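Engineer: Coordinates for the following, if possible.
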Amino acid sequence: MQPEAIVQKMMDHDGFSQWLGIQVLEVRLGYCRLEMKVTESMLNGFGFAHGGITYSLADSCFAFASNSHGIQAVSIETSINHLKPVKAGDTLFAVAEESNRTRKTGLYLITITNQENVKVALFKGLVYLLDKNWE
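Structural biologist: Reported below is the predicted structural model:
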């Protein structure tokens with residue numbers, strides 16, 4: 001399967017990414033770019049986007065990029081650094097890039113920026129590659 005078809009199949013069954021309003025902008029082998037609008041319902045008690053919002057956007061981007069090779073990949077370790085506050089009305093962009101890939105693992109770095117191209121979060125994820133192809 002082509003990377004675009006894999007990501008579309010994943011999105012078709014990913015109610016959470018759909019609920020967040022995530023849009024796929026670009027996908028190719030080991031790479032994905034997403035967009036999402038931050039709404040009032042995504043804010044925490046401080047009036048900023050809950051940390052889980054940027055984490056979830058990055059996690060979806062990570063999943064799509066790591067599965068784009070046609071082999072099913074599952075997350076085994078992730079971390080995030082929140083750099084700047086995110087507000088309602090912000091448009092976020094996530095870009096996942098493959099840093100290293102072996103027969104059994106893949107390392108991905110995801111950068112999240114806002115509409116002003118300011119970095120708001122950095123995410124790192126490691127996947128385990130299953131012995132299962134996307135069909």
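Engineer: May I see the buried residues of the longest helix anywhere in the chain?
Structural biologist: The longest helix of the chain (DSSP state H) is helix 51-67. For helix 51-67, the neighbour count (16 or more other C-beta atoms under 10 Å) marks 53-67 as buried. The C-beta positions use only the backbone N, C-alpha and C, and glycine is treated the same way.
Engineer: cool, and stretch 105-125?
Structural biologist: Here stretch 105-125 shows 106, 108-114, 120-125 as buried, counting by 16+ other C-beta under 10 Å.
Engineer: Spatially central residue in this structure, please.
Structural biologist: residue 61 (2.0 Å; C-alpha atoms, centre = their mean).
Engineer: quick revisit: would you point out the most distant pair within the buried residues of helix 51-67?
Structural biologist: 53 and 67 (21.9 Å; C-beta to C-beta).
Engineer: returning to that earlier point: distance from the longest helix of the chain to the middle of the chain?
Structural biologist: 2 Å (C-alpha atoms, centre = their mean, to the nearest Å).
Engineer: What lies in contact with the helix or strand immediately after that helix in the chain?
Structural biologist: Scanning forward in sequence from helix 51-67 by DSSP states H and E, the next helix or strand is strand 71-82. For strand 71-82, contacts defined as C-beta atoms under 8 Å, 6 or more residues apart in numbering pick out 51, 54-55, 58-59, 62-63, 66-67, 105-106, 120-130, 132-134.
Engineer: quick check: angle from strand 71-82 to helix 51-67?
Structural biologist: Per axes from the mean of the first three to the mean of the last three C-alpha atoms, to 10 degrees, the angle that strand 71-82 makes with helix 51-67 is 150 degrees.
Engineer: Show me the strands paired with strand 71-82, marking each as parallel or antiparallel.
Structural biologist: strand 119-133 (antiparallel) (DSSP bridges).
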